Structures are given as structure tokens and as C-alpha cells.
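**Student:** I need the structure of the sequence given here:
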Amino acid sequence: MSDKNENLRGIDRRTVLKTVGAAGLLVATGAYAAAARKRYAVVGVGSRARMFTNAMTGPFRETSEVVAVCDRNAGRLARAVKTISDTGASQPRPYAAADFDRMLRETKPQFVIVTTTDASHDDYIVRALDAGCDVITEKPMTTTAEKAQRILDAVKRSGRQVRVTFNYRYSPPRTQIKELLMSGEIGDVISVDFTWLLNTVHGADYFRRWHANKANSGGLMVHKSTHHFDLVNWWLGAQPETVHAFGSRQFYTPETARRMGLSGPHERCLTCPEKQKCSFYFDLASDPGLKALYLENEKYDGYYRDQCVWRPSIDIEDTMNVMVRYDNGVHLNYALSAYDAWEGYHIAFNGTKGRIEHRIVESGGAAGAAKVQSGSESVSIRVIPMRGQPRDIEPIIGKGSHGGGDDVMLNEIFGTGPVDKYKRASDERAGAWSALVGIAANKCFETGQTVRIADLVTGLTPPDRAPMPDRRAPVAMPVRIRIP
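**Tutor:** Purely as a prediction, here's the structure:
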């Protein structure tokens with residue numbers, strides 16, 4: 001980044017990245033050694049739980065202890081106990097899902113980490129809150145308006161806290177966008193155009209897992225787009241008011257399979273008679289991690305991780321378009337599709353002084369899959385004055401998963417992150433605002449009618465927000481140009 005860009009609108013790299021190294025430094029110097037370890041229980045020990053358990057048995061083992069794990073699958077439960085115990089960091093006690101309340105009584109965790117299927121989040125969150133625990137939950141916080149209301153009411157009733165782990169907020173280039181908007185670089189944001197693409201490795205994976213049934217995941221509008229709606233809510237420092245949307249399933253259908261020359265659909269990839277013909281074949285046994293988590297534990301719950309992406313029982317959409325109006329007047333046009341030639345997104349903010357364009361090409365894929373689409377990852381940020389020459393901002397690239405966001409977020413959760421002027425930490429309010437946009441969109445798909453967020457839940461207030469430019473302040477006249 002040039003000195004000019006650094007001074008004008010470039011974000012201080014130390015502000016974005018210093019939290020990543022803080023925990024390692026403290027552990028290395030033994031500063032954590034005398035502190036009492038916080039007690040955590042983890043419910044749901046599938047693939048998403050590993051981000052948290054690896055943190056607590058690795059860089060944060062001096063401050064964090066996994067005292068219990070809970071799951072409905074006995075095989076995965078036993079594997080989680082062994083994996084955690086083998087690190088020497090702690091010896092968690094295993095509990096079946098039916099014994100969740102007993103786990104809370106017997107192990108007395110201070111925090112419960114919820115990484116179960118999306119539709120069950122609310123049950124564990126509410127029970128943990130009522131038992132006097134704080135909760136850390138994977139996104140989406142929940143999948144329906146009724147469940148969101150249960151969580152909001154439980155927080156108020158219990159006085160405990162909920163943390164929703166929106167790791168996208170923490171990746172350095174997305175924090176740069178927040179900095180630019182906070183600085184008033186393009187004045188007041190008036191409209192946003194946001195397109196998110198899932199390629200046919202990553203996108204297809206949602207259609208072979210439990211996510212393919214809306215009763216489990218809320219569909220991609222909730223499970224996936226909650227990330228994206230949260231980013232816009234946070235970037236704008238505003239709350240969504242009304243939603244209108246269209247959605248359909250056009251690609252992952254039995255008809256597409258037949259048009260591609262298959263006689264299917266079939267039940268799953270493992271037993272598929274046409275696996276040699278189908279380029280969407282998913283070899284579950286070839287990935288050691290997925291094999292250990294899922295294939296070897298099917299006998300306990302009958303869950304197939306490699307279901308056919310063409311099967312007729314799928315009831316989620318793969319093509320979605322959403323329009324949102326915010327309480328500050330901003331209009332959002334959002335699109336998500338799950339069968340694209342590349343993975344990533346493009347977003348543009350249009351304001352009273354200009355435009356910001358931001359693009360990330362990712363290498364998304366199924367867990368354990370090689371990079372077969374999108375080539376290499378790339379990030380761009382461009383500021384375009386209303387009248388003047390555009391300039392490119394050098395993006396700060398983070399290391400690790402979710403664009404470097406996971407490590408920064410985990411340090412804030414388990415370590416000692418600095419005061420954050422961007423207000424990236426998110427509670428049940430932010431979790432509800434983002435999920436409710438997707439929930440409203442799902443309702444639009446069914447009714448064809450515009451949905452007001454205020455009609456879905458009561459008692460939902462704005463989350464803590466970083467200060468944004470005053471939308472009542474004078475606006476500078478743009479540079480004069482010759483107009484014939």
C-alpha cells in the first residue's frame with residue numbers, strides 16, 4: 001500500500017492483526033499459567049466443533065478446559081473424548097444428547113459451545129442459559145422466528161450471555177471495508193449490490209449433507225446467508241426492516257441428473273451404480289478425517305454424509321435473490337447461487353461521495369477436497385470517487401481459515417483481545433437480525449409477499465455498533481465537470 005493510501009484510508013495493519021499474535025506471546029511467556037482455567041462443555045462434536053476444541057487444547061489450553069462433550073452419535077462422542085484427551089489438555093466426560101441437562105449439573109461448565117445441527121441450536125442454547133451458563137454458538141443462531149424468540153426471551157430471563165461466532169467479521173479485508181465505511185470515504189451509503197457464488201465443489205456439498213432439508217438448516221438463506229446478511233448489517237451499522245425475495249431449486253434436481261446422462265438420482269455416492277459417470281461423486285472414504293467422523297459412525301445414527309445431490313427429497317433452494325430495506329434507508333440487492341464456475345463474492349457500496357467495490361475469489365470446497373475451482377484466492381478493494389479517478393487499496397491478507405478471521409475471533413473468545421473499535425463481537429441480537437433476514441426470505445418464497453422483520457419477533461433491539469458517519473451532516477458538492 002502506498003503512503004498516500006495508508007494515510008488516507010488504509011487500515012492500520014497492527015489494528016487488524018495484532019490480536020492474532022497476542023495469545024501466542026502470552027502463552028510463551030507463561031502469563032496464563034497462574035490463571036484459573038474456564039470450564040467449557042461442547043454439544044455437537046461434528047466437523048465444526050473442531051475449531052473450538054483445537055483452540056482449547058492448543059494455543060488456549062492454559063486458560064480453557066473442555067470438561068464435557070455431548071452428542072447423539074456414540075461413535076463420534078467417543079472419538080471426541082479420545083482426540084481431546086490425547087492432547088493432554090483435559091479429560092472431558094462424555095454425555096449422550098439425552099443427558100445434556102445432567103451434564104450441566106454434574107460438570108458445571110461456565111460456558112456451553114453449541115455446534116449441533118442448526119435447527120437444534122435453540123434447544124441447547126435455552127437450556128444452557130436457564131442452567132446459568134453463558135453460550136457460544138455456531139452460526140446461524142437459529143432457523144425460525146419462533147426459535148429466535150425463545151432465545152431472546154431466555155437471555156432476558158436468565159441474565160446470561162450468548163455469543164454468535166460470525167468469523168467473517170474478523171478477516172482483515174472485511175475489517176478494511178468496515179474502516180472505509182466508518183471513515184466516510186464514500187459518504188452515506190445509499191445502496192448495496194452483493195452477489196455470492198458457491199462453486200460446484202462447495203455448493204454441491206450443502207445438497208449432500210443434512211443441510212439439504214430446510215427443517216434441519218433453514219436452507220441456504222439461513223445457514224449460509226446468515227454470514228452475508230450479518231456482514232451487511234455490521235458494515236452498515238444498521239438493521240434490516242423489510243425483505244422481499246425469490247428462490248427456487250433449478251440445478252440440483254433429478255431432471256438435471258437425467259439431462260447429464262444419468263439414470264439416477266440414487267441414494268448416496270458410496271453405493272451409487274453410476275459413480276464412474278457422475279462428476280459430483282464424493283469419495284467419503286478417501287478423506288481420513290471425514291471417514292473417521294462420519295463413515296465409521298453411520299451405524300450409530302444412520303446419517304449418510306455423501307447423499308446424492310440430485311435426490312428428489314431435497315427441499316432447499318439453489319438460486320436466491322433478496323431485496324432488503326434498512327432502517328437508515330439503505331437498499332440491499334443480494335443474490336446467492338450454488339452451482340457457479342468460481343467461488344467468492346463481489347459487493348459494491350454506492351454512497352453520496354462515491355463507490356467501494358470489493359471482491360474475493362475463494363477456493364471453497366467440501367471438507368478435505370482439493371482446490372479444483374476458482375484457481376487461486378485473490379482479494380481486491382477499489383474506491384471510486386463520484387467524480388474522479390479510482391484508486392486501489394492494497395488488501396491486508398490474513399492467514400488461516402475464513403480469510404484469517406478464525407484466529408482473530410478465537411483469540412477474542414479464549415484469549416485477551418484488545419478493545420475493538422469495530423465492535424466485531426456479536427451477541428444474540430446480531431444473531432437474530434442476520435438469521436431473521438433469511439427467515440423472512442424463506443417466508444417470501446412461500447407467500448410471494450414482502451415481510452417486515454418487526455412482525456417476526458418482539459423485543460429485539462439493535463446490537464452494540466461502531467460509530468458510523470452522521471447521515472445528517474452536510475454533503476460536499478462533487479467536483480465540477482463540463483456538462484454540455
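**Student:** Next one, pLDDT for residue 268 please.
**Tutor:** Confidence at residue 268, expressed as pLDDT, is 98.
**Student:** For it, grab phi and psi.
**Tutor:** Listed backbone geometry of residue 268 is phi -160, psi 170, with angles given as degrees, to the nearest 10.
**Student:** quick one: contacts for the residue nearest the centre of the chain?
**Tutor:** Nearest to the geometric centre of the chain sits residue 227, at 4.1 Å (C-alpha atoms, centre = their mean). Residue 227 makes contact with 139, 166, 168, 434 under the criterion C-beta atoms under 8 Å, 6 or more residues apart in numbering. Where C-beta positions appear, they are placed from N, C-alpha and C, glycine not excepted.
**Student:** ok so it is a strand residue?
**Tutor:** No - Residue 227 is assigned helix when assessed by DSSP: H, G, I helix; E, B strand; the rest coil, not a strand.
**Student:** I'd like the distance between it and residue 345.
**Tutor:** Taking C-beta to C-beta, to the nearest Å as the criterion, residue 227 is separated from residue 345 by 10 Å.
**Student:** same deal with residue 469?
**Tutor:** For residue 469 relative to residue 345 (C-beta to C-beta), the value is 24 Å.
**Student:** just residue 428 next, same as before
**Tutor:** Between residue 428 and residue 345 the computed distance is 26 Å (C-beta to C-beta).
**Student:** And residue 433, by the same measure?
**Tutor:** 20 Å.
**Student:** ok, the two, which is more surrounded?
**Tutor:** Taking residue 433 and residue 345 together and counting by other C-beta atoms under 10 Å, residue 433 has the greater number of neighbours (26 against 18).
**Student:** Return the residues in contact with the more buried one.
**Tutor:** If you count contacts by C-beta under 8 Å, 6+ apart, residue 433 has them with 229-230, 233, 239-240, 453, 460, 463.
**Student:** Mind doing that once more with 6 Å?
**Tutor:** For residue 433, the contact set (C-beta atoms under 6 Å, 6 or more residues apart in numbering) comprises 233, 239.
**Student:** Quick check, residue 80 in contact with residue 46.
**Tutor:** No - the pair residue 80 and residue 46 fails to qualify as a contact (C-beta atoms under 6 Å) at a distance of 9.3 Å.
**Student:** which of these two has more neighbours?
**Tutor:** The neighbour count for residue 80 versus residue 46, taken as other C-beta under 10 Å, is higher for residue 80 (25 against 20).
**Student:** just checking, what packs against the helix or strand hosting that one?
**Tutor:** Per DSSP states H and E, residue 80 falls inside helix 74-86. Using 3 or more C-beta pairs under 6 Å, 6 or more residues apart in numbering; DSSP states H and E as the contact criterion, the elements in contact with helix 74-86 are strand 64-71.
**Student:** Only C-alpha atoms, please: export the strand it packs on in CSV.
**Tutor:** Taking C-alpha atoms only, strand 64-71 is exported to CSV below (Å, rounded to 0.1, in the frame of the first residue of the first chain):
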residue,chain,number,x,y,z
SER,A,64,-9.5,-23.1,28.8
GLU,A,65,-10.7,-26.6,29.8
VAL,A,66,-13.1,-28.9,27.9
VAL,A,67,-14.9,-30.6,30.8
ALA,A,68,-17.6,-32.4,28.8
VAL,A,69,-18.7,-33.3,25.3
CYS,A,70,-22.2,-34.2,24.2
ASP,A,71,-23.5,-35.7,21.0
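**Student:** between that strand and helix 74-86, how many degrees?
**Tutor:** Relative orientation of strand 64-71 with respect to helix 74-86: 170 degrees, computed using axes from the mean of the first three to the mean of the last three C-alpha atoms, to 10 degrees.
**Student:** Give me the contact list for strand 64-71.
**Tutor:** Taking C-beta under 6 Å, 6+ apart as the criterion, the residues outside strand 64-71 that touch it are 37-43, 45, 56, 77, 80, 84, 90, 92-95, 100, 103, 107, 109, 414.
**Student:** Helix or strand with the lowest mean pLDDT in this protein?
**Tutor:** Every helix and strand of the chain was ranked by mean pLDDT, DSSP states H and E. The lowest is helix 3-8, at a mean of 34.
**Student:** that older thread, select from the contacts of residue 227 the one having the most neighbours.
**Tutor:** Within those, neighbour counts (other C-beta under 10 Å) peak at residue 434, which reaches 28 neighbours.
**Student:** Am I right that residue 153 sits in a helix?
**Tutor:** Yes - checked against three-state DSSP, residue 153 lies within a helix.
**Student:** How much space separates residue 79 from residue 306?
**Tutor:** Remark: distance between residue 79 and residue 306 (C-beta to C-beta) = 19 Å.
**Student:** can you check residue 181 too?
**Tutor:** Using C-beta to C-beta, which is the criterion applied here, residue 181 is 42 Å from residue 306.
**Student:** could you show me where the helices are in the stretch 151-300 of the chain, in order?
**Tutor:** Read by DSSP state H, counting those that start in this stretch, the stretch 151-300 of the chain holds these helices, from start to end of the chain: 172-183, 202-208, 214-217, 220-223, 225-236, 254-259, 288-293, 298-301.
**Student:** mind exporting the longest helix along the chain as PDB, just the C-alpha atoms?
**Tutor:** Counting residues, the longest helix found in the chain (DSSP state H) is helix 428-447. These are the backbone C-alpha positions of helix 428-447, laid out as PDB (Å, rounded to 0.1, in the frame of the first residue of the first chain):
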ATOM      1  CA  GLU A 428     -28.000 -12.900  20.300                       C
ATOM      2  CA  ARG A 429     -29.200  -9.600  18.900                       C
ATOM      3  CA  ALA A 430     -26.800  -9.700  15.900                       C
ATOM      4  CA  GLY A 431     -27.500 -13.400  15.600                       C
ATOM      5  CA  ALA A 432     -31.300 -12.700  15.400                       C
ATOM      6  CA  TRP A 433     -31.000  -9.800  13.000                       C
ATOM      7  CA  SER A 434     -29.000 -11.800  10.500                       C
ATOM      8  CA  ALA A 435     -31.000 -15.000  10.700                       C
ATOM      9  CA  LEU A 436     -34.300 -13.200  10.500                       C
ATOM     10  CA  VAL A 437     -33.400 -11.800   7.100                       C
ATOM     11  CA  GLY A 438     -33.000 -15.400   5.800                       C
ATOM     12  CA  ILE A 439     -36.100 -16.500   7.700                       C
ATOM     13  CA  ALA A 440     -38.100 -13.600   6.200                       C
ATOM     14  CA  ALA A 441     -36.700 -14.600   2.700                       C
ATOM     15  CA  ASN A 442     -37.900 -18.200   3.200                       C
ATOM     16  CA  LYS A 443     -41.400 -16.800   4.100                       C
ATOM     17  CA  CYS A 444     -41.300 -14.700   0.900                       C
ATOM     18  CA  PHE A 445     -40.500 -17.900  -1.100                       C
ATOM     19  CA  GLU A 446     -43.700 -19.400   0.200                       C
ATOM     20  CA  THR A 447     -46.100 -16.400   0.100                       C
END
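**Student:** quick one: buried residues of it?
**Tutor:** Residues of helix 428-447 classed as buried: 428-445 (neighbour count, 16 or more other C-beta atoms under 10 Å).
**Student:** ok now that helix, how far from the chain's centre?
**Tutor:** Its chain's average C-alpha position is 15 Å from that of helix 428-447, according to C-alpha atoms, centre = their mean, to the nearest Å.
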